[in-house]
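Peer 1: take this sequence and fold it.
(2 chains)
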Amino acid sequence: MNSNEQILISVNNVTRYYDNFCAVDNLSFEVKRGEVVGLLGPNGAGKSTTLQMLSGNLAPTNGEISVNQYDLFEYPKLAKKELGYLPDKPPLYTEFTVKEYLFFCARLNRISKPRQQAAFESAISRCGLEHVSNKLIHNLSKGYQQRVGIAQAIIHNPQVIILDEPTVGLDPIQIREIRSLIRELRNDHSIILSTHILPEVTATCDRVLIINHGKVILEESTEQLKQRMDSSSLRVGMHNPPTIETLEKIVGIDRVERTEDSRFRFHYVETDYATNPAEKIIQQAVANNWRLYEITPERISLEDVFVNLTTQESSEQETGEITS
Amino acid sequence: MIWTIAAKELKSLFFSPLAWSILAVIMFILGYLFLGQLDLYLQVQARLITMQEAPSITETVVIPIFSNAPIILLIVMPLLTMRLVSDELRSQTINLLFSAPISMTEIILGKFLGIVGFIMCMLLLTLLMPLSLLMGGTLDFGLLASSYLGLLLLLSSFAAAGLLMSCMTEHPTIAAVSTFGILILLWIIDLAVNITNSPDSALSHLSILKHYQVFLSGVIDSRDLSYYLLFIATFLILSIRRLDYYRLQH
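Peer 2: Just a heads-up that it's a prediction; the model follows:
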């Protein structure tokens, strides 16, 4: 189990400025072996900049990055050997065939000549490219081009794979295929992927970093995030409701708000199924003749969590600016 | 690693119709010049025999072509080099090279050697013309070799300048135009010398053409050799610096 705890990527207080604009602000995080980490954030949050720095395409203004315990700037060749990178636009030489291109990538990543054929075959079979390997990349559809991009990133069997928005622009079937490919890859690689598509995170990642304005505003495992999403409110409609104070006295209820005349939202803290107050509400409603006609558990979606977090921060910033 | 990139570059060139059409045009024009010179030689042949120290066939037929070739190749080389890096910057395939375990120096040297490989292919093709003269006479191989060395160095210098310009911009046409600018400026830089009539001034040493003419007289002078090698090294180092800049700044 010890090898599973090995940290493959460590990002230490990394800051990046574009002229005076701060794209990434003092970012720190770590990725362990075998982990899939999702980088989530609205457009312009600094996701791509972060991944470009991780892949050695961009030097940070401040801070350190190490891959497989080698500093990316002191030992770039050793660090980059264990790195596979798919940028947001796959870096394809479209005048080459898939086979020529992937052999070039294999040589570029210093795979020795006798092992190139095997590396090529495993990359195309993992990415489902067998029957297009002799076609020009130029003539492939967007989905296949994306797969060639992924094949390029995994051909040298790197410990760390960085995928920048791997499913953008693909149709739903292709998206599902790429996701299952990512799930398959997680067995022997660490993966960092960025996305602004929220369900993708729950579908593929172990851990989520939500980034906004170049800062991490939430770092949670997908399990924790799911719990956060598992709702903690009930929508209740009653024709003959009592006062809000009476309702708040029901065991387990945290707070009640009136949304419409006869509708209420009951907030509660959910720890397990025993604390769900729905049963008690129904019992009380029958006993006191509140004429309950509707009770619905409300699920907070990942979108809500996301919007909440990203807008909360900006309003905090605004108030901060006013007080200062 | 350098060879991997050089081989890829050469392959890319031959995948594009540009390289083939450039080869075709150059061979046609040089072939036409060669025929013209040959015709001229046949006309004056009778008179040459009677002369005491008659110029050889190499001097009368081959060397005039070598003095005209740089002008044609000056127009062609920027077109060959313009896409070397700028295309990769624009299509973002440069990311592939940046995230691979190779250094900037290896990238630039690989690209440069790829173009030098193409230049050599081109020169080998033109070599067929003087060699055809062997059917009816002998050649001065020493003079031929020094002329070819001179042309190779001259064209490699053109390529190094083109490579730097290609690193400067994402637009191949801008790269080509600025390469023209640099090369033509270096070509005519000794104009000022002719006006002021001071043949030993620094400007005359800078002229890219003057050093080439020495090779055409059959002399391989270390000064001319080092001029071209320094020229190439300077532009390659600047290219490496420029490529590094993309990582540091945007």
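Peer 1: where does pLDDT dip in chain A?
Peer 2: Applying pLDDT under 70 to chain A flags the ranges A:1-5, A:228-232, A:269-275, A:299-302, A:312-324.
Peer 1: which SSE is the residue most central in space within it in?
Peer 2: Nearest to the geometric centre of chain A sits A:Gly38, at 2.5 Å (Cα atoms, centre = their mean). For A:Gly38, the host element (DSSP states H and E) is strand A:36-40.
Peer 1: still on that earlier bit, just give the nearest non-adjacent residue to the residue nearest to the centre of chain A, would you?
Peer 2: Distances taken as Cβ to Cβ, 6 or more residues apart in numbering or on different chains put A:Cys205 closest to A:Gly38, at 3.6 Å, once the chain neighbours are dropped. C-beta here means a position set from N, CA and C on the backbone, and glycine is covered the same way.
Peer 1: make sure the one you found is actually in contact with A:Ile192.
Peer 2: No. Counting by Cβ atoms under 8 Å, A:Cys205 stays clear of A:Ile192, with 9.4 Å between them.
Peer 1: how about the residues of chain A by chain B?
Peer 2: Residues of chain A lying near chain B by Cβ under 8 Å from any Cβ of the partner chain: A:18, A:55-59, A:76-78, A:80-81, A:83-85, A:87, A:89, A:91-93, A:95-96, A:100, A:104-105, A:107-110, A:152.
Peer 1: rewinding a little: gap between the residue nearest to A:Gly38 and A:Arg183?
Peer 2: As judged by Cβ to Cβ, to the nearest Å, A:Cys205 and A:Arg183 stand 10 Å apart.
Peer 1: how about A:His189?
Peer 2: Distance, A:His189 to A:Arg183, by Cβ to Cβ: 11 Å.
Peer 1: looking at these two, which is more packed in?
Peer 2: A:His189 (22 against 13; other Cβ atoms under 10 Å in any protein chain shown).
Peer 1: how many neighbouring residues does A:Asn240 have?
Peer 2: 11.
Peer 1: make sure it is indeed in a helix.
Peer 2: No. Applying DSSP: H, G, I helix; E, B strand; the rest coil, one finds A:Asn240 to be coil, outside a helix.
Peer 1: quick check: it touching A:Ala285?
Peer 2: No. The pair A:Asn240 / A:Ala285 is not scored as a contact, 9.2 Å apart, by Cβ under 8 Å.
Peer 1: list residues touching both of these two?
Peer 2: A:Arg291 (Cβ atoms under 8 Å, 6 or more residues apart in numbering or on different chains).
Peer 1: Three-state assignment for A:Gly63, please.
Peer 2: strand.
Peer 1: so where do the helices sit in the chain?
Peer 2: Defaulting to chain A. A:47-54, A:76-81, A:98-108, A:113-126, A:142-154, A:172-185, A:198-204, A:222-229, A:244-248, A:278-288, A:302-323 (DSSP state H).
Peer 1: nope, chain B please
Peer 2: B:2-15, B:17-50, B:57, B:63-81, B:86-90, B:94-98, B:104-132, B:141-168, B:172-188, B:191-196, B:202-206, B:208-216, B:222-248.
Peer 1: what sits against the residue lying closest to A:Ile65 once chain neighbours are set aside?
Peer 2: Excluding its sequence neighbours, the residue lying closest to A:Ile65 (Cβ to Cβ, 6+ apart) is A:Leu72, at 4.6 Å. When contacts are counted by Cβ under 8 Å, 6+ apart, A:Leu72 touches A:54, A:56, A:65-66, A:79-80.
Peer 1: in PyMOL, how would I select the buried members of these?
Peer 2: Entered in PyMOL, the line below selects the buried ones among those, by 16 or more other Cβ atoms under 10 Å in any protein chain shown:
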select buried, chain A and resi 54+56+65+66+79+80
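Peer 1: closest to chain B out of the contacts of A:Leu72?
Peer 2: The closest of the contacts of A:Leu72 to chain B turns out to be A:Lys80 (Cβ to the nearest Cβ; 4.2 Å).
Peer 1: separation between that closest one and A:Val160?
Peer 2: With the distance defined as Cβ to Cβ, A:Lys80 ends up 10 Å from A:Val160.
Peer 1: that older thread, against chain B, how distant is the residue nearest to A:Gly38?
Peer 2: To chain B, A:Cys205 is 22 Å away according to Cβ to the nearest Cβ, to the nearest Å.
Peer 1: check contacts around that residue.
Peer 2: So A:Cys205 contacts A:36-38, A:193, A:222 (Cβ under 8 Å, 6+ apart).
Peer 1: neighbours of the closest residue in space to B:Met77 that isn't next to it in sequence, just the number please.
Peer 2: Of all residues not flanking B:Met77 in the chain, B:Phe158 sits nearest, at 4.0 Å (Cβ to Cβ, 6+ apart). For B:Phe158, the neighbour count with other Cβ under 10 Å is 28.
Peer 1: how about the residue nearest the centre of chain B: what's its closest non-neighbour residue?
Peer 2: With distances taken as Cα atoms, centre = their mean, B:Leu155 lies nearest the centre of chain B, 1.0 Å away. Excluding its sequence neighbours, the residue lying closest to B:Leu155 (Cβ to Cβ, 6+ apart) is B:Ile119, at 4.7 Å.
Peer 1: and for A:Thr15?
Peer 2: Nearest non-adjacent residue to A:Thr15 (Cβ to Cβ, 6+ apart): A:Asn62, at 4.2 Å.
Peer 1: residues near the one you found, how many?
Peer 2: 12.
Peer 1: any idea how far it is from A:Val11?
Peer 2: On the measure of Cβ to Cβ, A:Asn62 and A:Val11 end up 12 Å apart.
Peer 1: quick one on the thing from earlier: hey, what's in contact with both of A:Lys80 and A:Val160?
Peer 2: Joint contacts of A:Lys80 and A:Val160 (Cβ under 8 Å, 6+ apart) are A:Val67.
Peer 1: okay, and the common contacts of A:Cys205 and A:Ile192?
Peer 2: A:36-37.
Peer 1: got the end-to-end distance for stretch A:93-102?
Peer 2: Taking Cα to Cα, to the nearest Å, stretch A:93-102 runs 10 Å from one end to the other.
Peer 1: for that stretch, give me every contacting residue.
Peer 2: By Cβ under 8 Å, 6+ apart, stretch A:93-102 touches A:92, A:104, A:120, A:123-124, A:129, A:132-138, A:140, A:148, A:151-152, A:155, B:8, B:11-12, B:15-16, B:93.
Peer 1: filter the residues you listed down to the buried ones.
Peer 2: A:92, A:104, A:120, A:123-124, A:129, A:132-133, A:137, A:140, A:148, A:151-152, A:155, B:8, B:12, B:93.
Peer 1: surely A:Ile253 meets A:Asn276?
Peer 2: No. In this structure A:Ile253 lies outside contact range of A:Asn276 using Cβ under 8 Å: 10.9 Å.
Peer 1: shared neighbours of these two, anything?
Peer 2: With Cβ under 8 Å, 6+ apart as the test, A:Ile253 and A:Asn276 both reach A:Tyr268.
Peer 1: could you find the closest non-adjacent residue to B:Ala54?
Peer 2: Leaving aside its chain neighbours, B:Ala54 sits nearest to B:Leu48 (4.5 Å; criterion: Cβ to Cβ, 6+ apart).
Peer 1: just give the number of residues close to the one you found.
Peer 2: B:Leu48: 13 surrounding residues under other Cβ under 10 Å.
Peer 1: distance of it from B:Tyr41?
Peer 2: Taking Cβ to Cβ, one finds B:Leu48 at 8 Å from B:Tyr41.
Peer 1: who touches B:Ser86 in this structure?
Peer 2: So B:Ser86 contacts B:166-167, B:169-172, B:174-175 (Cβ under 8 Å, 6+ apart).
Peer 1: nearest to chain A, of those residues?
Peer 2: B:Glu170 (13.6 Å).
Peer 1: wait, the closest one touches B:Arg90, no?
Peer 2: Yes. At 4.5 Å, B:Glu170 counts as touching B:Arg90 under the criterion of Cβ under 8 Å.
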